[in-house]
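1. everything below, folded, please.
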Amino acid sequence: MPQPAPGAGAGRDRDRGTGPAEMSGAQTAPDAEFTDILYEVDRGAATITINRPERRNSLTAHSYREIARALDLANSDPAVGAIVLTGAGDRAFASGEDLKVANTLRSEEYRGYLNANVAARTRMFGLDKPVISRINGACVGGAMSLACTADLLVAVDDARFGQTEINVGMVGGIDHFWTVGRARLAEIMLLGRVFTAQEALQLGLVNMVVPRSELDAAVRGMVDEILAKSPESIAKTKRMLAFVHQAAGWNSARAFQFEMVLEAFDSEDRKEGMSAFIEKRRPDYGRGTR
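-> Next up, the predicted model:
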């Protein structure tokens with residue numbers, strides 16, 4: 001089970017969650033290497049665990065920067081053949097952007113958050129090693145974009161998904177949902193509904209849905225399949241997949257998306273939407289529908 005390196009923030013991390021229970025004798029990152037994630041290598045797999053369970057593993061710019069650093073660490077480690085990305089505890093893979101933090105940011109600070117977000121996801125595409133998202137609970141907002149950037153996704157059967165940014169006056173990311181088709185993509189993005197793991201499987205967003213008791217074994221089985229393959233062939237296949245994504249024009253779409261998200265952040269609707277979310281009330285966008 002992932003644990004912080006000895007002496008690394010022991011007082012603060014005492015109440016923090018842990019990731020998959022499959023690991024034994026794992027090597028953790030050096031002391032104080034990370035604060036928002038856990039990192040370990042075991043049996044050829046590097047596991048990156050988003051470790052903010054007190055905030056349902058919500059993500060900040062710092063979280064994304066640490067994820068990017070951990071991805072680089074795993075990619076450069078010859079002992080690693082596959083990477084697993086997951087969340088601490090059993091409530092959430094990640095609950096997306098930390099809205100309480102975002103609500104305090106100025107526009108330029110939010111640009112820094114978006115840069116960190118995009119950098120982490122772009123880094124994932126550029127790796128020579130496959131990334132498996134282990135979806136252990138809620139996976140919404142920016143967390144869904146992050147999870148779907150992975151090459152393979154395994155979800156617990158009670159996981160929930162959703163691009164919910166539009167519900168708080170924001171704009172969600174679309175660049176990693178290109179497999180679902182325009183009609184379903186519009187439904188996901190415009191309605192902001194939360195949907196089940198089984199629906200995500202039917203949409204082609206995840207590869208496998210399993211009971212919670214089988215999640216670790218399913219992920220481990222996928223890791224072992226990868227480790228049985230030629231590392232060079234795996235790396236070349238990853239590069240081909242990245243090229244197809246780029247050739248489809250999604251890198252340009254990401255740049256346009258970035259600007260749309262920034263414009264939404266500066267809007268009065270975003271301020272109202274986030275305030276309503278924090279205050280647990282229905283937002284009033286001035287349509288006279290209250």
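2. can you tell me how far the residue lying closest to residue 204 once chain neighbours are set aside is from residue 273?
-> The shortest distance from residue 204 to any non-neighbouring residue, by CB to CB, 6 or more residues apart in numbering, is to residue 179 (4.9 Å). For every residue, glycine as well, the C-beta is placed using N, CA and C. Residue 179 sits 28 Å away from residue 273, going by CB to CB, to the nearest Å.
3. among those two, which residue is more densely surrounded?
-> Taking neighbours as other CB atoms under 10 Å, residue 179 and residue 273 compare with residue 273 leading, 22 against 11.
4. can you tell me the SS state at the more buried one?
-> helix (DSSP: H, G, I helix; E, B strand; the rest coil).
5. report the contact partners of the closest residue to it other than its chain neighbours.
-> Distances taken as CB to CB, 6+ apart place residue 169 nearest to residue 273, at 2.9 Å, with adjacent residues excluded. Counting by CB atoms under 8 Å, 6 or more residues apart in numbering, residue 169 makes contact with 264, 267, 269, 270, 271, 272, 273, 274, 283, 285.
6. surely the third one touches residue 285?
-> What it means is residue 269. Yes - assessed by CB atoms under 8 Å, residue 269 is found in contact with residue 285 at 5.6 Å.
7. which residues of this protein score low on pLDDT?
-> Applying pLDDT under 70 to the chain flags the ranges 1-32, 175-176, 248-250, 288-290.
8. now the buried members of the contacts of residue 169.
-> Neighbour-count burial (16 or more other CB atoms under 10 Å) applied to the contacts of residue 169 gives 264, 270, 272, 273, 274, 283.
9. circling back: got the contact list for the residue nearest to residue 204?
-> By CB under 8 Å, 6+ apart, the contact list for residue 179 reads 203, 204, 205.
10. now do 10 Å
-> Each residue near residue 179 by CB atoms under 10 Å, 6 or more residues apart in numbering is listed here: 148, 185, 203, 204, 205.
11. how near is residue 118 to residue 147?
-> 15 Å.
12. go on, residue 180?
-> Distance of residue 180 to residue 147, computed by CB to CB: 14 Å.
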